[in-house]
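Novice: structure, please.
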Amino acid sequence: MKILFLTPQLPYPPRQGTTLRNYHLIRHLARDHTIHLVTFIAPGERLDSESPLHQLCERIETLPQPQRPLWRRGVETITSPWPDMGLRLTTSRAHRLIQGLIATQSYAIVQVEGIEMAAYGWRALHAVPRAMRPAFVFDDHNAEYLLQKRAALVDLQIPRRWPAALYSLIQWQKLSRYERTICRAADAVLAVSDPDREALRRLHPKIEPVVVPNGIDLSGYAATPFTSADDCPTLVFTGKMDYRPNVDAVLWFAQAVLPLVEAQVPEVRFQIVGMNPHSRLDALRDKPAITITGAVEDPRPYVQNAAVYVVPMRVGGGTRFKVLEAMASQKPIVSTSLGVEGIAVGDGEELLIADTPDHFAARIVELLHDQNGSGVQSRALGKAAYEFVEANYTWDRIIPRLQTLYRQIGPQG
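Specialist: From the prediction side, this is the model:
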């Protein structure tokens, strides 16, 4: 089939969740299909001539990412019926380009990656005569309305965060309507986990998403089991650090959990690894035990050198690449229940789960004490985690689900 992919960011290099998913979907589907790509490029980025996207895609069209000043976002939050995410990448130039491609290229599938791009597929397809329309696949990387609902409920507990809570309350309502509209307009909806699938189904009984989870390429991970912690055991968190759920996670961990760990293991260190650290994290920079790395070429060495990988998420959704990457690295992991939502792991089997500061700290200390001794528990968790992702989350196991869907909705479906 000929497939048009619409992505909000350049899929290569795959540095964080959205680009990881988009790149690997394109890479695997290109074996059997002809791929065209329309993508936005952020300021300072470019499509390198050596990028593997040139070998994977027959045609690539790039567009400069539009810049929306904060004042405009504020006005549109109040005046527009559309959610902020639906307006973030809207340009007339992109609409004309995508509509022209759909009208002339005889695509079998138009696959829209994420809610920021949804309007392009939706509007362009409605501009094409029904007999000529390709199938519209909407890949909803998160149940976005649920993410905003959770963010609002967390921020309402902190008076200084009430402006952010108000923003999320407004976006929650707008996204509920918008996501429902997009999902109902699509010929197929993809969700990355069973909980996200159920959240989208709650928007309307006729929405029936297909679960195509995030995956991992195990070839990028050496099968190196856990080794004993050094004199300064390091706790590591990785992620895009201007992403609101990640910011909330590390602030909660640094302020509520880490002091409890330090009381029992004074030499412990905490590394926050990821691009674009938000200004809210500046409050952590003067703490000797905490390092904020900013952007790194490759986060895997940081994960592999960790004593414990932490996932202190209180907001968010989807299937988190960070968890799959830590599991593939055979790291002992401590996570909140929400941090591993949608991944069928068991507490004490592939990782440890804790939801309160006291319990989270106790689980970390448990692992650090284990590593100062035999390390049996840490090695067993790491081995079980690796075997779990190998059995369930490699792309070769996931892509056939999407291929089956294409056969059902495509021209020969």
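Novice: what's near enough to touch residue 189?
Specialist: Contact partners of residue 189, counting by CB atoms under 8 Å, 6 or more residues apart in numbering, are 137, 138, 140, 183, 200, 207, 208, 209, 210. Bear in mind the C-beta positions are built from the backbone N, C-alpha and C, glycine included.
Novice: hang on, residue 143 packs against residue 193?
Specialist: No. When contacts are counted by CB atoms under 8 Å, residue 143 is not listed as touching residue 193 (9.0 Å).
Novice: who has more neighbours, these two?
Specialist: Using other CB atoms under 10 Å as the criterion, residue 143 and residue 193 rank with residue 143 on top: 29 against 23.
Novice: re the thing from before, quick check on the contacts of residue 189: which are buried?
Specialist: Taking 16 or more other CB atoms under 10 Å as the criterion, what is buried in the contacts of residue 189 is 137, 138, 140, 183, 200, 207, 209, 210.
Novice: so the second one sits against residue 121, correct?
Specialist: Yes. Taking contacts as CB under 8 Å, residue 138 lies within contact range of residue 121: 7.1 Å.
Novice: what touches both of these two?
Specialist: Counting by CB under 8 Å, 6+ apart, the contacts common to residue 138 and residue 121 are 112, 186.
Novice: where does the protein dip in pLDDT?
Specialist: For the chain, the stretches with pLDDT under 70 are 222-230, 317-319, 412-413.
Novice: just checking, what packs against the longest helix belonging to it?
Specialist: Longest helix in the chain by number of residues (criterion: DSSP state H): helix 162-185. Counting contacts by 3 or more CB pairs under 8 Å, 6 or more residues apart in numbering; DSSP states H and E, helix 162-185 is packed against helix 70-79, helix 84-87, helix 118-126, strand 135-140, helix 144-155.
Novice: most packed of the ones you listed?
Specialist: Among the helices and strands packed on helix 162-185, ranked by average contacts under mean count of other CB atoms under 10 Å, first place goes to strand 135-140 (a mean of 25).
Novice: ok, and what's touching that one?
Specialist: With contact meaning CB under 8 Å, 6+ apart, strand 135-140 is reached by 21, 25, 108-115, 118, 121-122, 125, 179, 182-183, 185-192, 196, 200, 209, 212, 405, 409-410, 413.
Novice: report the buried members of those.
Specialist: Here, 16+ other CB under 10 Å leaves 21, 25, 108-115, 118, 121-122, 125, 179, 182-183, 185-192, 196, 200, 209, 212, 405, 409-410 buried among the contacts of strand 135-140.
Novice: before we move on, back to that, same list, the contacts of residue 189, but as JSON lines with distance to residue 99 please.
Specialist: Formatted as JSON lines, the contacts of residue 189 follow (distance: CB to CB, whole Å):
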{"residue": "137", "distance to residue 99": "18"}
{"residue": "138", "distance to residue 99": "17"}
{"residue": "140", "distance to residue 99": "22"}
{"residue": "183", "distance to residue 99": "21"}
{"residue": "200", "distance to residue 99": "26"}
{"residue": "207", "distance to residue 99": "25"}
{"residue": "208", "distance to residue 99": "28"}
{"residue": "209", "distance to residue 99": "26"}
{"residue": "210", "distance to residue 99": "26"}
